[in-house]
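*Asks:* fold the following and give me the result.
(chains A and B)
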Amino acid sequence: MTTVAKTTTPPGTRTAAPAAGTRQIWGRTGLYVFLTVLTIVWLLPVIAAFITSFRTMDEISIHGFWSVPQQFTLSNFNEAWNQARVSRYLGNSFIITIPALIGMLFLSSLSAYALARYKFKLNLPIYFMFVAGTMLPFQILLLPVFRLTNALNLYNTHLALIIIHTAFQMGFCTFVLRNFMRTVPGEIFDAARVDGASEFRMFWQIMIPLSLPAMAALATLEFTWVFNDYLWAIILLQDDTLKPVTAGLATLRGQFNTNWPVITAGALIATLPTLIVFIFLQRYFIQGLTLGSGK
Amino acid sequence: MAAALQIKKPVVRRRINWTPYLFLLAPLALYVVWIIAPTFYTIYLSLTNWNGVDPVPGFVGLQNFERLFTKDRTFSEALLNNVRWLVVFITIPTTLGLGLAMIFNNEMRGGRWYKISFYSPLVMSLPVIGLIWGWVYHPRAGLLNGFLQAIGVSSPPGWLGDRELAIWAVIIAAVWRQVGYVMVLYLAGLKNIDPSFVDAARVDGANRWQLFRHVVLPLLAPVTTIIVVISIIDSLRAFDLVSIMTRGAQNTQVLANFMYIEAFNNYRMGYGAAIAVVLFAISLVFIGFYLSRVIRDELEY
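*Replies:* Numbering: from 1, shown residues only, chains lettered A, B, ... in the order given. Predicted coordinates for the structure are as follows:
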């Protein structure tokens, strides 16, 4: 395995066949040029939004997007943050996301523990129900959940969103955590049981600490999912002042109809929290993405 | 011995029986009330003409479905657009994502930064992506038409305002996001491949293409299956981009947005429920397929 891998590294090839070596260097350079161009083209929409957010709409409408910017201004960000209330929307997003995250991780670790550690008749059926639930189209839930929140006087409250996110994401979290917990060897618990630890103590003091890496990955991924939700926000909230940033952006879009610099500035600010989470917790984020599928 | 077993057995069974249910009590209650029961309730609502106000929905049988499949042209438009979305989703991001994963699977300088560029759209919310691409497609001042005019195209298309092109323009924005996701999944799959398979093929004199075609690709088959299922489910869920970019105008309606408009803008909740049930029924085929694989994995244990 290692020997074959080594032959592909430059030093080995260079001494063996110089011609192949230069060809490889050209190939490398070509690949880098290709990738760099591709990356820039790929990110062009974001770059365009970024540049637009520092310009004025007057200038763009007169000279076009591809003209050399005459002046840079921060006023679009100011306008998006204050007048378009993006600051408010962002706060709402956190108020919804954080409790939902805590709720779904706690509840799904309970169900995952039960499904991973105990043999009982309904174990697999319940597990399959959770798995199937993760793939439901949201539309099948909209009307009853809308009606239920109305009946419980939760319509137009953050709590309604917290509950539905907790409930819906529990399926995926249970799926991931259950499979992780099954890899924890049972002997660890036997010792604790001999010492007279209760079932809940074994869950709380042994399983939870052991599951923290999986939970961190899940939390990172779920943070972006819940934070980026748009559909539930427009179904369950009515007041503009309660809206998370995704739904708030839709309002902003209508309000600043043709003022694209303010719209793009708002969109960029809205992305900051998930971007920061992604930058600092990148490894967890990637792990989280592959958790559900690549096991 | 036999006597000891007989005494022991009932005790053990009773203890095992209740603990897991105690752990499951709260999560399961929440799941049943907010996810499972609503699914069935929507199926019931689809058989009514509920308008959201009447305390008791009026039962109309299969009338909603009859109208959907025989009279409603927006429904067939939405269905067709979902199929378009689905076909693009299972082909283009899958191919591109696999290609990128093959490139980035090799150690290379700066590879990390290239990778980040491709999966950064994943952290953006769909409304943000919809706005950014809406600006790209802007008929006069936008990035795309500005460029087309600069290279001499006198009357470039209106993209989101063009009935023929709008849906494809929306799908491209969705693909842009999906590629990074597929790439991540394939990279994880490639990492799991046992290098000895690849080495054995190399020793047998396989060239790069043969290696890819006959060794790597078959070994990635399980990952590919998952990716295809995820892509299908995602394309059936398509809502945010359509809602933000076109609101379903210009021939871009999809089932999810159509359901939303009928139920929450037109207050035809029974009819909306019927659309949701159709969407659910289509999803069910793929949920069933995925579930059957999960079940198989479990029974092999």
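*Asks:* can you tell me the element residue 26 falls in?
*Replies:* The chain I'm using is chain A. Using DSSP states H and E, residue A:26 sits in helix A:18-52.
*Asks:* not what I meant, chain B
*Replies:* Element membership of residue B:26 [criterion: DSSP H and E] is helix B:2-31.
*Asks:* and if you look at residue A:172?
*Replies:* helix A:158-181.
*Asks:* which elements pack onto that helix?
*Replies:* helix A:86-117, helix A:123-134, helix A:139-151, helix A:208-227, helix A:231-236, helix B:2-31 (3 or more C-beta pairs under 8 Å, 6 or more residues apart in numbering or on different chains; DSSP states H and E). Just so you know, the C-beta spots here come from the backbone N, C-alpha and C atoms, and that holds for glycine as well.
*Asks:* from residue B:58, how far off is residue A:215?
*Replies:* 47 Å (C-beta to C-beta, to the nearest Å).
*Asks:* more neighbours: which of these two?
*Replies:* residue A:215 (20 against 11; other C-beta atoms under 10 Å in any protein chain shown).
*Asks:* circling back to that earlier point, check which element follows the helix holding residue B:26 along the chain.
*Replies:* Assigned by DSSP H and E, the successor of helix B:2-31 is helix B:37-45.
*Asks:* re earlier: pLDDT on the helix holding residue B:26, on average?
*Replies:* Mean pLDDT, helix B:2-31: 69.
*Asks:* follow-up on the earlier one: buried ones in the helix holding residue A:26?
*Replies:* A:21, A:35, A:39, A:42, A:45-46, A:48-49, A:51-52 (16 or more other C-beta atoms under 10 Å in any protein chain shown).
*Asks:* out of these, which one sits closest to residue B:164?
*Replies:* Nearest to residue B:164 among the buried residues of helix A:18-52 is residue A:45, at 21.9 Å by C-beta to C-beta.
*Asks:* which ones are touching the closest one?
*Replies:* Contacts of residue A:45 were listed using C-beta atoms under 8 Å, 6 or more residues apart in numbering or on different chains, and they are B:132-133, B:135-136, B:143, B:176.
*Asks:* near chain A too, which of the residues you listed?
*Replies:* B:132-133, B:135-136, B:143, B:176 (C-beta under 8 Å from any C-beta of the partner chain).
*Asks:* which of these sits closest to residue A:291?
*Replies:* Using C-beta to C-beta, those come closest to residue A:291 at residue B:176, 23.7 Å.
*Asks:* does the closest one belong to a helix, a strand or coil?
*Replies:* On the three-state scheme (DSSP: H, G, I helix; E, B strand; the rest coil), residue B:176 is labelled helix.
*Asks:* that one contacts residue B:119, correct?
*Replies:* No: the pair residue B:176 and residue B:119 fails to qualify as a contact (C-beta atoms under 8 Å) at a distance of 11.3 Å.
*Asks:* neighbour-wise, which of these two wins?
*Replies:* Taking neighbours as other C-beta under 10 Å, residue B:176 and residue B:119 compare with residue B:119 leading, 23 against 20.
*Asks:* name the nearest residue to that one, ignoring sequence neighbours.
*Replies:* Nearest non-adjacent residue to residue B:119, counting by C-beta to C-beta, 6 or more residues apart in numbering or on different chains: residue B:180, 3.4 Å away.
*Asks:* could you tell me how many residues sit around residue 219?
*Replies:* Using chain A here. Using other C-beta under 10 Å: residue A:219 sits among 19 other residues.
*Asks:* wait, I meant chain B there
*Replies:* Counted with other C-beta under 10 Å, the neighbours of residue B:219 add up to 16.
*Asks:* element containing the nearest residue to it once chain neighbours are set aside, please.
*Replies:* The spatial neighbour of residue B:219 that comes closest, neighbours along the chain excluded (C-beta to C-beta, 6+ apart), is residue B:193 at 5.1 Å. Element membership of residue B:193, judged by DSSP H and E, is empty: it is in no helix or strand.
*Asks:* tell me which residues touch the closest residue to residue A:165 other than its chain neighbours, please.
*Replies:* In space, and not counting its chain neighbours, residue A:165 is closest to residue A:100: 4.0 Å by C-beta to C-beta, 6+ apart. Applying C-beta under 8 Å, 6+ apart to residue A:100 gives the contacts A:161-162, A:165-166, A:169, A:226.
*Asks:* picking that back up, wait, which of the helices and strands packed on helix A:158-181 is closest to residue B:242?
*Replies:* helix A:231-236 (11.4 Å).
*Asks:* contact partners of stretch A:205-222?
*Replies:* A:101, A:104-105, A:109, A:113, A:117, A:169, A:172-173, A:176-177, A:180-181, A:184, A:188-189, A:192, A:197, A:277, A:281, A:284-285, A:287-289, A:291.
*Asks:* that older thread, just the ones next to chain A among the contacts of residue A:45: which has the poorest pLDDT?
*Replies:* residue B:143 (88).
*Asks:* ok, and the closest non-adjacent residue to residue 85?
*Replies:* Picked chain A for this. residue A:248 (6.7 Å).
*Asks:* hmm, no, I was thinking of chain B.
*Replies:* Leaving aside its chain neighbours, residue B:85 sits nearest to residue B:235 (4.2 Å; criterion: C-beta to C-beta, 6+ apart).
*Asks:* doesn't residue B:28 make contact with residue A:126?
*Replies:* Yes: Residue A:126 lies in contact with residue B:28 (C-beta under 8 Å); the separation is 6.9 Å.
*Asks:* overlap in contacts, those two.
*Replies:* With C-beta under 8 Å, 6+ apart, residue A:126 and residue B:28 have common neighbours residue A:111.
*Asks:* looking at the helices and strands packed on helix A:158-181, which is nearest to residue B:240?
*Replies:* helix A:231-236 (6.8 Å).
*Asks:* how much distance is there from the helix or strand following that closest one to the middle of the chain?
*Replies:* Using DSSP H and E, the helix or strand that follows helix A:231-236 in sequence is helix A:245-255. Its chain's C-alpha centre and that of helix A:245-255 lie 20 Å apart, by C-alpha atoms, centre = their mean, to the nearest Å.
*Asks:* can you tell me what sits against helix A:245-255?
*Replies:* Here helix A:245-255 has contacts from A:80, A:84-86, A:88-90, A:92-93, A:227-230, A:233-234, A:237, A:240, A:243, A:262-263, A:266-267, A:270, B:125-128, B:131, B:240, B:243-244, using C-beta under 8 Å, 6+ apart.
*Asks:* likewise for stretch A:110-118?
*Replies:* In contact with stretch A:110-118 (C-beta under 8 Å, 6+ apart) are residues A:123, A:126-127, A:130, A:170, A:173-174, A:176-182, A:184, A:186, A:189, A:203, A:207, B:16, B:19-21, B:23-24, B:26-28.
*Asks:* report the rounded mean pLDDT for that stretch.
*Replies:* pLDDT averaged over stretch A:110-118 gives 94.
*Asks:* so how far is it from its chain's centroid?
*Replies:* 25 Å.
*Asks:* stretch B:89-96 now?
*Replies:* For stretch B:89-96, the distance to the chain centre is 13 Å (C-alpha atoms, centre = their mean).
*Asks:* show me where the stretch 1-150 of chain A dips below the pLDDT cut-off.
*Replies:* A:1-20 (pLDDT under 70).
*Asks:* where does the prediction get shaky in chain B?
*Replies:* Using pLDDT under 70, the flagged stretches of chain B are B:1-17, B:301.
*Asks:* spatially central residue in the chain, please.
*Replies:* Because you didn't say which chain, this covers chain A. residue A:224 (2.5 Å; C-alpha atoms, centre = their mean).
*Asks:* the chain in question should be chain B.
*Replies:* Chain B, centroid-nearest residue using C-alpha atoms, centre = their mean: residue B:234 at 1.1 Å.
*Asks:* element containing that residue, please.
*Replies:* helix B:221-237.
*Asks:* got the contact list for that helix?
*Replies:* The contact list for helix B:221-237 (C-beta under 8 Å, 6+ apart) reads A:135, A:137-138, A:293-294, B:82, B:85-86, B:88-90, B:93-94, B:97, B:174, B:178, B:181-182, B:185-186, B:188-189, B:255-256, B:279, B:282-283, B:286-287, B:289-290, B:293.
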